[in-house]
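*Asks:* no sequence for this one, just the structure:
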């Protein structure tokens with residue numbers, strides 16, 4: 001009872017504090033500009049505060065989603081927005097756009113939003129207001145500008161649950177490879193041993209069970225946005241801290257977009273289009289020819305390496321196995337340049353061998369050797385001449401402006417050489433894969449490699465990822481490490497191949513082992529047909545961040561249902577397949593866990609609909625629905 005009183009008391013104090021804060025601002029507030037989404041379902045109000053700065057609120061018809069929060073940018077020690085000015089609406093327009101992306105199998109993505117331009121003194125800000133959220137960006141002055149700080153903040157209900165990634169060392173914000181966990185929002189400033197600064201995105205669940213997420217879009221020529229927590233307020237923060245960073249109008253006219261999205265449920269959260277919509281379309285000259293950009297599964301010898309790692313004969317065995325499994329690529333990872341005395345000759349031979357097997361070759365490179373543009377271009381030119389399909393670069397380990405500049409310049413340089421790219425040791429995506437479609441995947445995630453580094457990945461982290469990191473786009477988690485799966489089951493690992501999006505899907509398990517060990521025989525047909533891009537994604541009822549992820553995905557005429565249990569005890573889940581028309585026209589193959597092995601069975605789809613299925617602790621389930629012949 002005492003605990004309940006204390007808990008209730010903390011809610012009341014948090015609510016009273018927020019009411020007082022809002023009331024103080026309201027007394028000094030000027031008449032706001034009211035900006036509405038296309039359907040008027042969401043509203044952003046912007047107003048001055050008696051010469052003390054500019055604020056906004058964000059609300060739906062039924063509730064306040066973001067309480068009074070600051071706007072502002074400090075350039076060369078001075079505020080960009082003149083505190084004595086008043087916000088004036090310059091113009092507004094409706095943007096109705098359809099675009100397609102590789103990760104969505106080039107299916108049309110439709111978006112509509114209201115775009116507003118607002119003048120504050122001599123400065124301009126732009127807002128994009130969707131029915132699923134809003135975004136804001138600041139126009140930068142002409143010439144060189146030194147960014148000292150940004151005041152943009154997000155004040156939320158402190159009682160909301162917020163998901164963030166945690167790693168208890170200084171690598172947390174270098175590589176974004178933390179475990180996705182949760183806390184109350186008003187505890188976010190003190191829960192992390194490394195301090196109150198958190199990476200993006202942050203995902204919050206409100207008391208009405210809707211969701212907010214905070215992130216950025218169109219990050220280039222600027223430092224990456226982090227978020228500094230202070231009770232129930234989050235403020236934009238940069239790697240450079242008090243030193244700030246320089247931007248040039250020749251590079252950039254506006255800051256990246258600051259986004260707060262709203263989703264009524266997990267399905268809307270996973271299928272949000274705001275981040276992608278606010279990135280620019282590809283340059284028509286740079287990407288005039290995109291035939292070289294091909295999704296596919298890749299083999300990978302690094303994570304399962306033994307004494308024969310990188311021996312040419314061993315890599316050819318990997319290629320042979322990859323071909324038998326209907327893969328598209330193999331990845332030659334760290335060490336190849338040191339291992340092979342005649343590296344270009346050996347690489348050329350492997351590429352030729354792979355070509356005969358219809359397997360393309362990717363290579364790994366430490367990014368520190370590619371910071372020099374002349375060396376970078378010469379190296380990429382050699383790769384291109386030899387016929388390399390793509391390059392995985394590693395260890396940027398920062399989202400400071402100089403590293404963001406490096407990434408964008410690298411995407412442009414590789415596009416000129418018709419090479420695909422996989423970024424590792426980097427921040428999460430901000431949707432740049434729309435502008436640069438040769439980016440096939442990126443890390444910015446705590447992935448499977450941690451399982452061999454004495455930091456095994458728990459099931460609950462995997463069950464959070466579809467609703468946190470993956471809402472930002474593709475990620476190179478390298479799923480399906482069956483032989484070193486930590487506490488998860490075999491089918492849990494299989495399900496990750498369907499739950500986690502990556503057009504370049506690097507399968508962790510050694511393909512030779514997959515073919516030679518009879519344990520994997522039941523799933524070989526699935527591995528051979530595994531899609532890496534999808535026509536449609538549907539989150540099913542019963543999904544709960546960190547506890548259970550149940551997704552249905554469509555490719556062509558087939559549906560795949562994948563589920564994982566994030567708990568250390570069995571769960572019963574209900575499968576509502578009513579969204580699939582005419583279930584009787586399909587046959588179903590069901591893969592589940594049985595006694596440390598895969599169980600494969602045929603089933604009648606209609607009998608699976610609305611049925612309770614038990615998934616063991618940290619287990620999984622995969623169902624493939626195929627039209628009857």
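*Replies:* Yes, it's here. Given the structure is predicted, the values throughout are model-derived calculations rather than measurements.

*Asks:* quick one, domains of this structure?
*Replies:* Structural domains annotated on the chain: 2-277, 280-444, 454-629, as defined by automatic domain parsing.

*Asks:* Out of the ones you listed, name the one with the poorest average pLDDT.
*Replies:* Note on those: lowest mean pLDDT is at domain 2-277, with a mean of 91.

*Asks:* Count residues in the vicinity of residue 68, would you?
*Replies:* 22 (other C-beta atoms under 10 Å). Glycine gets a C-beta too; all of them are placed from N, C-alpha and C.

*Asks:* secondary structure element for the spatially closest residue to residue 470 that is not a sequence neighbour?
*Replies:* Leaving aside its chain neighbours, residue 470 sits nearest to residue 501 (6.0 Å; criterion: C-beta to C-beta, 6 or more residues apart in numbering). Residue 501 belongs to no helix or strand when assigned by DSSP states H and E.

*Asks:* List phi and psi for residue 501.
*Replies:* phi -80, psi 130 (degrees, to the nearest 10).

*Asks:* For it, give me its contacts.
*Replies:* Counting by C-beta atoms under 8 Å, 6 or more residues apart in numbering, residue 501 makes contact with 103, 470, 473-475, 534.

*Asks:* what's the answer for residue 481, then?
*Replies:* The contact partners of residue 481, by C-beta under 8 Å, 6+ apart, come to 303-304, 448, 451, 493, 508-509.

*Asks:* Residue 391 touches residue 419, doesn't it?
*Replies:* Yes - with contacts counted by C-beta atoms under 8 Å, residue 391 reaches residue 419, the gap being 5.7 Å.

*Asks:* shared neighbours of the two, which are they?
*Replies:* Joint contacts of residue 391 and residue 419 (C-beta under 8 Å, 6+ apart) are 380, 383.

*Asks:* Which secondary structure state is assigned to the residue nearest to residue 193 when sequence neighbours are not counted?
*Replies:* In this structure, residue 193 finds its nearest non-sequential neighbour in residue 168, 5.1 Å apart by C-beta to C-beta, 6+ apart. Here residue 168 is coil, with the state taken from DSSP: H, G, I helix; E, B strand; the rest coil.

*Asks:* these two touch, right, residue 168 and residue 181?
*Replies:* No - using C-beta under 8 Å, residue 168 is not in contact with residue 181, being 11.4 Å away.

*Asks:* Those two: who's more crowded?
*Replies:* The residue with more neighbours, out of residue 168 and residue 181, is residue 181; 18 against 11, by other C-beta under 10 Å.

*Asks:* List the strands paired with the helix or strand where that one lies, with their directions.
*Replies:* If you go by DSSP H and E, residue 181 is part of strand 179-184. The strands that strand 179-184 pairs with in its sheet are strand 161-166 (antiparallel) (by DSSP bridges).

*Asks:* Any chance you could list what contacts the strand it pairs with?
*Replies:* 172, 176-185, 188, 191-192, 198-199, 202-205, 446, 464, 467-469, 545-546.

*Asks:* Can you point out the buried residues in that strand?
*Replies:* Across strand 161-166, burial judged by 16 or more other C-beta atoms under 10 Å covers 162-166.

*Asks:* Distance from the chain centre to it, please.
*Replies:* Relative to the chain's own centre, strand 161-166 is displaced by 14 Å; criterion: C-alpha atoms, centre = their mean, to the nearest Å.

*Asks:* moving C-terminal of the helix or strand encompassing residue 313, what's the next helix or strand?
*Replies:* Element membership for residue 313, per DSSP H and E: helix 312-324. Next along the chain after helix 312-324, taking DSSP H and E as the criterion, comes strand 329-332.

*Asks:* my guess is residue 214 is in a strand, correct?
*Replies:* Yes - assessed by three-state DSSP, residue 214 belongs to a strand.

*Asks:* May I ask you to confirm that it is in contact with residue 202?
*Replies:* Yes - using C-beta under 8 Å, residue 214 is in contact with residue 202, at 4.8 Å.

*Asks:* one step back: kindly reformat the contacts of residue 481 as a markdown table and extend each row with neighbour count.
*Replies:* Supplementary listing: the contacts of residue 481 in a markdown table, determined by neighbours: other C-beta atoms under 10 Å:
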| residue | neighbour count |
| --- | --- |
| 303 | 20 |
| 304 | 18 |
| 448 | 27 |
| 451 | 19 |
| 493 | 24 |
| 508 | 26 |
| 509 | 24 |
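
*Asks:* what's the overlap in contacts for residue 214 and residue 202?
*Replies:* Common contacts of residue 214 and residue 202, defined by C-beta under 8 Å, 6+ apart, comprise 227, 234.

*Asks:* Residue 400 against residue 225, yeah?
*Replies:* No - under the criterion of C-beta under 8 Å, residue 400 makes no contact with residue 225, lying 11.9 Å away.

*Asks:* shared neighbours, these two?
*Replies:* The contact lists of residue 400 and residue 225 share residue 238, where a contact means C-beta under 8 Å, 6+ apart.

*Asks:* higher neighbour count, those two?
*Replies:* Using other C-beta under 10 Å, the more surrounded residue of residue 400 and residue 225 is residue 225, with 26 against 19.
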